[in-house]
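*Asks:* Sequence and predicted structure below; questions after.
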Amino acid sequence: MTEPPGRPMVPEDLFRIRFVSDPQFHPDARRVAFVVTMLSEARDEYLSTIWVVDVNGGGAHPFTRGPRRDTAPRWSPDGRWLAFVSEREKKGQGQLHVMPADGGEAVRLTDLRPGVTSPAWSPDGRWIAFVSRVGGWEEPTDEEERERSKPPRVIEVLKYRSNGVGFVYDRPQQVFVVFADGGPARQLTAGAFDNHHPAWAPDGQRVAFVSPRHADRDEDGAADVFTVPVGGGEARQLTRTEGPVSWPAFSPDGRTVAYVGHTDARGVSRHHRLYVVPADGGAPMCLTATLDRNCEPMMGAAGPQWLGRTGALLFQVEDEGDVPLYRIAAAGGGAAERLIGGTRQVTAFSATGDGAFIAFTATDDTSPPEVFVCRADGTGERQLTDLNRDWKDEVARAHPERFRFERAGFTVDGWVMPPFGQEAGRRYPVLLNIHGGPASQYGHRFFDEFHVYAGAGYAVVYVNPRGSRGYGEAFARAVVGDWGGGDYADLMAGLDEALGRFDFLDAGRLGVMGGSYGGFMTSWIVGHTDRFRAACSERAVNALWSMYGTSDIGFWFQEAHAVGRPPWEDLRWYLERSPLSYARDIRTPLLIVHSESDLRCPMEQAEQLYVALKKLKRTVRFVRFPDEDHELSRSGRPRHRLARFRILLEWFGEHLPPGPS
């Protein structure tokens with residue numbers, strides 16, 4: 001194999017890449033607004049600006065120049081204004097702003113201490129709906145008051161905190177509206193439950209939103225679509241409290257509301273499907289019952305959207321490592337059509353008001369997301385931006401090769417990414433990477449981690465074992481009740497398949513790593529085999545029985561994966577399926593990485609395994625990241641993300657040196 005010209009990717013390249021997201025077509029269909037985010041090492045923060053690109057040529061240019069983060073661009077229906085969320089006044093508290101569509105000064109519309117999200121224009125352009133938290137204890141502004149004791153927290157609910165947010169039991173999300181030309185914001189929803197995903201009716205008299213208001217909302221994952229009059233009044237429930245729902249969207253004629261969801265309130269690894277329900281009440285209808293794929297990608301930034309007045313809906317689908325865009329008739333009875341495909345992942349999209357054109361962002365194996373446009377039938381596709389061209393010309397990025405194998409009645413996907421500078425006839429150390437979830441998927445998107453490992457001289461192997469999304473629901477649910485069983489067997493079989501097919505992989509030099517559920521699987525693997533020379537278990541689940549009560553989702557997520565059994569009813573299962581129970585069998589040098597503010601897989605999960613291995617005199621290193629949560633590797637502080645890369649490469653460099661043999 002001949003490497004393309006260029007140098008290998010290194011951790012510091014994180015600060016060179018422009019990450020493109022959230023494309024929004026202007027009503028005149030001649031320009032697209034989108035967000036460009038970069039990591040700043042000097043300021044140790046993320047800097048986002050809104051850019052605009054001309055559909056007919058002329059290139060892209062910055063539209064806002066906020067000092068920190070400008071996100072969520074939304075054009076007014078008449079095209080005269082752009083609304084967006086900006087942190088220009090205070091870091092971490094984005095407020096709603098508007099500015100003229102042709103440029104000018106931004107005007108702030110809100111001043112709410114928790115900040116705002118999810119802006120949505122009313123059809124007549126008079127109002128903007130948004131979401132903000134209400135209530136909760138606030139940090140005093142007076143210095144003397146800050147030094148006094150904080151009040152106690154009186155908690156009477158199970159869902160009292162959330163990873164990345166903190167305590168939420170006394171500050172639910174509420175839907176607000178504010179006049180686009182200024183004035184006080186008005187709260188539309190109320191109650192001790194979250195309300196989110198606002199969407200306007202075409203007549204501007206109602207706002208649809210999602211909320212869990214049923215009696216068992218503290219015990220399950222169900223929610224419903226509601227509508228509320230803008231002038232005030234009672235919310236009206238449209239759906240039937242069957243399972244989780246999200247992303248409501250009114251049809252152009254106002255008669256129908258589309259949404260995504262499923263009908264298992266306490267289940268996991270279920271496919272989210274596309275539904276429609278009459279806007280005045282009635283029975284929901286599933287449009288994708290025959291499409292055995294998940295219709296709400298975990299990394300997606302857009303719900304279903306109506307394609308003008310065509311009566312069709314656009315939506316994303318997870319499909320065997322890809323995320324294509326599908327179209328389906330809302331009247332039902334027809335098959336979903338794959339509209340925008342390819343070996344890539346569509347990350348967000350929007351359509352023109354007349355349904356003639358679609359703007360979308362997409363990424364593939366070697367390129368970060370960029371902006372594209374096409375006609376409503378998927379033809380005439382053009383790439384509008386190439387903001388990372390100079391960086392891509394400088395850095396050689398390896399092209400992974402896909403392989404497939406059969407196991408236990410399933411077809412399993414895997415990929416191998418060769419190391420930088422690969423030479424014919426030489427063998428290279430291998431890093432087996434395991435994704436989180438388990439309801440997630442590896443596939444055809446730019447993943448900076450794999451390119452950094454390949455750039456350091458490692459071959460990277462990654463597999464979608466049973467439990468992964470992107471395949472049939474039976475495949476996704478095959479992991480329920482069987483953590484460490486068939487999924488472990490799939491990963492080992494995938495590694496063996498790769499070793500047998502690719503002669504540049506060195507079977508004697510293997511490493512394994514993963515985060516979250518992938519961290520669980522890494523800890524499990526090294527407790528069940530000694531074939532790996534080194535491992536890294538990150539933000540892992542190590543003790544299922546204690547995670548049940550300490551994780552923000554543990555009490556329902558763990559119970560659902562245990563087929564409905566809490567620990568006090570089947571402690572044996574929790575013990576048998578916990579990597580900590582096999583600590584005495586771990587002899588592989590293990591790096592444990594965890595974030596101190598992780599509420600999803602709490603720090604105690606790492607602490608317990610670390611103490612056990614130290615008591616057993618095993619080779620183990622424990623790295624704790626302060627002020628970081630479960631999302632360290634994806635959205636942690638830039639310097640922490642850089643430090644994490646260096647720590648991982650140093651660890652594997654010590655125990656699994658890179659380079660050919």
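*Replies:* Cool, got the structure.

*Asks:* Name the spans of the protein whose pLDDT lies under the cut-off.
*Replies:* 1-5, 299-301 (pLDDT under 70).

*Asks:* How far off centre is the lengthiest helix in it?
*Replies:* Taking DSSP state H as the criterion, the chain has its longest helix at helix 638-655. Centroid displacement of helix 638-655 relative to its chain, using Cα atoms, centre = their mean, to the nearest Å, is 23 Å.

*Asks:* So which elements touch it?
*Replies:* For helix 638-655, the packing partners by 3 or more Cβ pairs under 8 Å, 6 or more residues apart in numbering; DSSP states H and E come out as strand 31-40, helix 448-455, strand 505-515, strand 534-538, strand 590-595, strand 620-625, helix 632-635. From N, CA and C alone the C-beta is placed, and that goes for glycine too.

*Asks:* Try it again at 6 Å.
*Replies:* Counting contacts by 3 or more Cβ pairs under 6 Å, 6 or more residues apart in numbering; DSSP states H and E, helix 638-655 is packed against strand 534-538.

*Asks:* which strands and helices sit next to the next helix or strand after the strand it packs on?
*Replies:* Once the chain leaves strand 534-538, the next helix or strand it forms, by DSSP states H and E, is helix 544-550. The contact analysis (3+ Cβ pairs under 6 Å, 6+ apart) places helix 544-550 against helix 554-561.

*Asks:* Send me the helix it packs on as CSV with only the CA atoms.
*Replies:* Output of helix 554-561 as CSV, limited to C-alpha atoms (Å, rounded to 0.1, in the frame of the first residue of the first chain):
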residue,chain,number,x,y,z
GLY,A,554,-28.7,3.5,36.4
PHE,A,555,-31.9,2.5,38.1
TRP,A,556,-33.8,2.1,34.8
PHE,A,557,-30.9,1.4,32.3
GLN,A,558,-29.3,-1.3,34.4
GLU,A,559,-32.7,-2.8,35.3
ALA,A,560,-33.8,-2.9,31.7
HIS,A,561,-30.6,-4.6,30.6
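
*Asks:* Please compute how far it lies from its chain's middle.
*Replies:* Relative to its chain's centre, helix 554-561 lies at 20 Å (Cα atoms, centre = their mean).

*Asks:* Give me the contacts around the helix or strand just after that helix.
*Replies:* Remark: after helix 554-561, the chain's next helix or strand is helix 571-576, criterion DSSP H and E. With contact meaning Cβ atoms under 6 Å, 6 or more residues apart in numbering, helix 571-576 is reached by 544-545, 562, 567, 581.

*Asks:* Give the buried residues for helix 571-576.
*Replies:* 573-574 (16 or more other Cβ atoms under 10 Å).

*Asks:* chain center to that helix, what's the gap?
*Replies:* Helix 571-576 sits 30 Å away from the centroid of its parent chain (Cα atoms, centre = their mean).

*Asks:* Pull up the gap between residue 461 and residue 372, please.
*Replies:* Between residue 461 and residue 372 the computed distance is 30 Å (Cβ to Cβ, to the nearest Å).

*Asks:* Who has more neighbours out of those two?
*Replies:* Neighbour count, other Cβ atoms under 10 Å: between residue 461 and residue 372, residue 461 has more, with 27 against 21.

*Asks:* all helices in the protein, in order from the N-terminus.
*Replies:* For the chain, the helices defined by DSSP H occupy 143-146, 389-394, 448-455, 473-477, 486-501, 517-526, 544-550, 554-561, 571-576, 603-615, 632-635, 638-655.

*Asks:* To residue 73, which of those lies closest?
*Replies:* Proximity to residue 73 (Cβ to Cβ) singles out helix 632-635 among the helices of the chain, at 19.6 Å.

*Asks:* So which bits of the closest one are buried?
*Replies:* The neighbour-count check on helix 632-635 (16+ other Cβ under 10 Å) flags 632-633 as buried.

*Asks:* For residue 369, see how far away residue 506 is.
*Replies:* Separation of residue 506 from residue 369 (Cβ to Cβ): 34 Å.

*Asks:* The two: which is more packed in?
*Replies:* Per other Cβ under 10 Å, whichever of residue 506 and residue 369 has more neighbours is residue 369, with 26 against 17.

*Asks:* With distance to residue 278 added, can I get the contacts of helix 571-576 in a markdown table?
*Replies:* Formatted as a markdown table, the contacts of helix 571-576 follow (distance: Cβ to Cβ, whole Å):
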| residue | distance to residue 278 |
| --- | --- |
| 544 | 43 |
| 545 | 46 |
| 562 | 38 |
| 567 | 43 |
| 581 | 52 |
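
*Asks:* which of these tops the neighbour count?
*Replies:* Highest neighbour count within the contacts of helix 571-576: residue 544, with 26 neighbours (other Cβ under 10 Å).

*Asks:* quick one: terminal-to-terminal distance for stretch 621-632?
*Replies:* Distances were taken as Cα to Cα, to the nearest Å; on that basis the terminal residues of stretch 621-632 are 18 Å apart.

*Asks:* Stretch 455-468 too?
*Replies:* End-to-end distance of stretch 455-468: 27 Å, with Cα to Cα as the criterion.

*Asks:* again, but for stretch 632-639
*Replies:* Stretch 632-639: ends 11 Å apart by Cα to Cα.

*Asks:* Looks like residue 268 contacts residue 559 (just checking).
*Replies:* No: applying Cβ atoms under 6 Å, one finds residue 268 not in contact with residue 559, separated by 9.4 Å.

*Asks:* neighbours of the residue nearest to residue 103 when sequence neighbours are not counted, just the number please.
*Replies:* Spatial nearest neighbour of residue 103, excluding adjacent residues (Cβ to Cβ, 6 or more residues apart in numbering): residue 63 at 7.2 Å. If you count neighbours by other Cβ under 10 Å, residue 63 ends up with 22.

*Asks:* how close does residue 63 get to residue 390?
*Replies:* Counting by Cβ to Cβ, the gap from residue 63 to residue 390 is 21 Å.

*Asks:* try residue 599
*Replies:* From residue 599 across to residue 390, the span is 39 Å (Cβ to Cβ).

*Asks:* And residue 609, by the same measure?
*Replies:* Distance, residue 609 to residue 390, using Cβ to Cβ: 43 Å.

*Asks:* quick one, which of the two is more surrounded?
*Replies:* residue 609 (27 against 10).

*Asks:* who's in contact with the more buried one?
*Replies:* 542, 580.
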